[in-house]
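Colleague: Sequence unavailable; structure follows:
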């Protein structure tokens, strides 16, 4: 299993940022999600986040919402998410699950952490779980040997950043802006300042997500962050394609450009 620590250490040794790709399980189909993620890995993604489809995705913009809706229509369940993780982890990429807290809570924190570890997953990103309410999940994750990742935002105060990073074990997710996911014309200028403020409180890697959609933007973020997170831009390629194979190659083409970007 490739751990997050291994990924970031290798990227640092290569004098570059890590490239993190996001795709929801069950999109564009249950098997298609695995093959699309594998294509991203082959094209240069170091880490893959597998999204757990949820009916009330507060943080997700229209592109990811569209993909998640299709996933739910395909009947994707937590068992399918675990199977997707297993398939992606088999590529050698460090594989996380990004999920809202409610599905984990209903499934059972200990059971979810154990099943994820057994599938080869290395951790989770929980965007709506606050530090104040995270102790049971952190305990379950520690027992299962998986990492926990939480979010900081441009609006986060210094005490809030400190509280969040204390809950993180894999890396810290720095949301580049206030709002929902989605590729944008430019990355929020607040992102660099947020990374700097976060690094003052932790030695963990800090990765930037929300708004990165081109190789040039990936290069811009890689100049100051340890990792560049890309989701909506890959999903848009899959949504716009006439079939899965075409979409998979289109997403991989973008990933190759992103991989060059994080190495500039």
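Modeller: Yep, it's here. Just so we're clear, the structure is a prediction, and the values are computed from it rather than from any experiment.

Colleague: Show me the strands paired with the longest strand seen in the chain, marking each as parallel or antiparallel.
Modeller: Secondary structure of the chain read by DSSP state E shows that its longest strand is strand 18-24. Its sheet considered, strand 18-24 pairs with strand 47-51 (parallel), strand 227-230 (parallel) by DSSP bridges.

Colleague: Any chance of TSV for those strands, columns mean pLDDT, mean neighbour count and distance to residue 190?
Modeller: The way it works is simple: take the backbone N, C-alpha and C, and place the C-beta from them, glycine included. TSV is the format used below for those (pLDDT from 0 to 100; neighbours: other CB atoms under 10 Å; distance: least, CB to CB, whole Å):
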stretch	mean pLDDT	mean neighbour count	distance to residue 190
strand 47-51	98	27	22
strand 227-230	97	28	16
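
Colleague: how about those in a markdown table, adding distance to residue 94?
Modeller: Formatted as a markdown table, those follow (distance: least, CB to CB, whole Å):
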| stretch | distance to residue 94 |
| --- | --- |
| strand 47-51 | 5 |
| strand 227-230 | 11 |
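
Colleague: Relative to its centre, which residue of this structure is most distant?
Modeller: Farthest-out residue of the chain from its mean C-alpha position, per CA atoms, centre = their mean: residue 242, at 25.7 Å.

Colleague: re earlier: which one of the strands paired with strand 18-24 lies closest to residue 79?
Modeller: Evaluated with CB to CB, the strands paired with strand 18-24 place strand 47-51 nearest to residue 79, the distance being 13.0 Å.

Colleague: From the chain's centroid, how far away is the closest one?
Modeller: Relative to its chain's centre, strand 47-51 lies at 5 Å (CA atoms, centre = their mean, to the nearest Å).

Colleague: Of all the strands paired with strand 18-24, which one is nearest residue 215?
Modeller: Among the strands paired with strand 18-24, the nearest to residue 215 by CB to CB is strand 227-230 (10.1 Å).

Colleague: what's in contact with that closest one?
Modeller: Contact partners of strand 227-230, identified using CB atoms under 8 Å, 6 or more residues apart in numbering, comprise 8, 11, 17-22, 46-47, 49, 171, 173, 205-210, 212-213, 218, 221-222, 255, 258, 261-262.

Colleague: returning to what we had before: out of the strands paired with strand 18-24, which comes closest to residue 135?
Modeller: strand 47-51 (23.2 Å).

Colleague: Against residue 15, how distant is residue 60?
Modeller: Distance, residue 60 to residue 15, using CB to CB, to the nearest Å: 33 Å.

Colleague: Which of the two has more residues huddled nearby?
Modeller: Ranked by neighbour count (other CB atoms under 10 Å), residue 60 and residue 15 place residue 60 first, with 23 against 7.

Colleague: Quickly list what residue 47 is bridged to.
Modeller: Beta bridges link residue 47 to residue 20, residue 94 when assigned by DSSP bridges.

Colleague: which ones are touching it?
Modeller: Residues near residue 47 by CB under 8 Å, 6+ apart: 4, 7, 18, 19, 20, 21, 93, 94, 95, 96, 227.

Colleague: so how far is residue 6 from the fourth one?
Modeller: Spelled out, that is residue 19. Going from residue 19 to residue 6 by CB to CB gives 15 Å.

Colleague: More neighbours: which of these two?
Modeller: Regarding residue 19 and residue 6, a neighbour count based on other CB under 10 Å identifies residue 19 as having more, with 30 against 13.
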